[in-house]
Every structure is written in C-alpha cells, then in structure tokens.
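Student: Turn this into a model:
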Amino acid sequence: MKLNNFNGREAQTMKLKKTFIDRSINNPNLGLCDGKIGVAIYLFHLNRHNNDKEAGELAFNLVEDVVNKISISMGLNHVDGLSGIG
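Tutor: As a prediction, this is how the structure comes out:
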C-alpha cells in the first residue's frame, strides 16, 4: 500500500514540476513569490531530494536568466524585488 502512495506522490511531484516550468518560461517576474527565482529554488530542492538532474539544470538556467535581467530599477521588496532574489 505504501508503494502505491509513493507512486502517487511521485506523479504529483512531476506534474507540479511541469506546471512550474511552463509558467516560469514566459513569466517576466523574477522574484521569490511569483517569479523565476522561486521556481528555481523549488527545482533545486527537487534535484537534491529526488536526484532529478533535469530539475537542477533547469533551476540553474532560471537563475542565470534572473541574473542577466536584474536591474537597478527593480524594487527592493522580497515578493518581486531584489530582496527576494537574494
């Protein structure tokens, strides 16, 4: 019974991963709560806990994209500003 539960969790994790990736591709927001850096953090955790190399590579690419788009005109708040990017 635990095996079936695990497979269900794994399927949910993969579905969530796909949703996050799809939404982050064209998302102009770079911040923590609704942006690319938040998705990257999730993907880094997925890489670490599930040994998902694809998630790690995607996370790194998102961080690279964020770094290339940082602007001094961005706000400082943690939701969608420089504080949330870290």
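Student: what about the residue lying closest to residue 80 once chain neighbours are set aside, how many residues close to it?
Tutor: Nearest residue to residue 80 in three dimensions, chain neighbours excluded: residue 31, at 3.4 Å (Cβ to Cβ, 6 or more residues apart in numbering). No exception for glycine: its C-beta is placed from N, CA and C like everyone else's. By other Cβ atoms under 10 Å, the residues close to residue 31 number 22.
Student: Go ahead and confirm residue 31 touches residue 69.
Tutor: No. Residue 31 lies out of contact with residue 69 (Cβ atoms under 8 Å); the separation is 11.3 Å.
Student: Which helix or strand lies directly C-terminal to the strand or helix carrying residue 58?
Tutor: Assigned by DSSP states H and E, residue 58 belongs to helix 53-69. Using DSSP H and E, the helix or strand that follows helix 53-69 in sequence is helix 82-85.
Student: Tell me the buried residues in stretch 9-18?
Tutor: By 16 or more other Cβ atoms under 10 Å, the buried positions in stretch 9-18 come out as residue 17.
Student: What helices and strands are in contact with the worst-scoring helix or strand of the chain on mean pLDDT?
Tutor: Across the helices and strands of the chain, mean pLDDT, DSSP states H and E gives its lowest value to helix 82-85, namely a mean of 70. When contacts are defined as 3 or more Cβ pairs under 8 Å, 6 or more residues apart in numbering; DSSP states H and E, helix 82-85 packs onto helix 36-50.
Student: quick check: angle from the helix it packs on to helix 53-69?
Tutor: 160 degrees (axes from the mean of the first three to the mean of the last three Cα atoms, to 10 degrees).
Student: Which strands or helices does helix 36-50 pack on?
Tutor: Helix 36-50 packs on helix 2-25, helix 53-69, helix 82-85, going by 3+ Cβ pairs under 8 Å, 6+ apart.
Student: okay, those helices in JSON lines with distance to residue 38 next?
Tutor: Below are these laid out as JSON lines (distance: least, Cβ to Cβ, whole Å):
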{"stretch": "helix 2-25", "distance to residue 38": "9"}
{"stretch": "helix 53-69", "distance to residue 38": "9"}
{"stretch": "helix 82-85", "distance to residue 38": "8"}
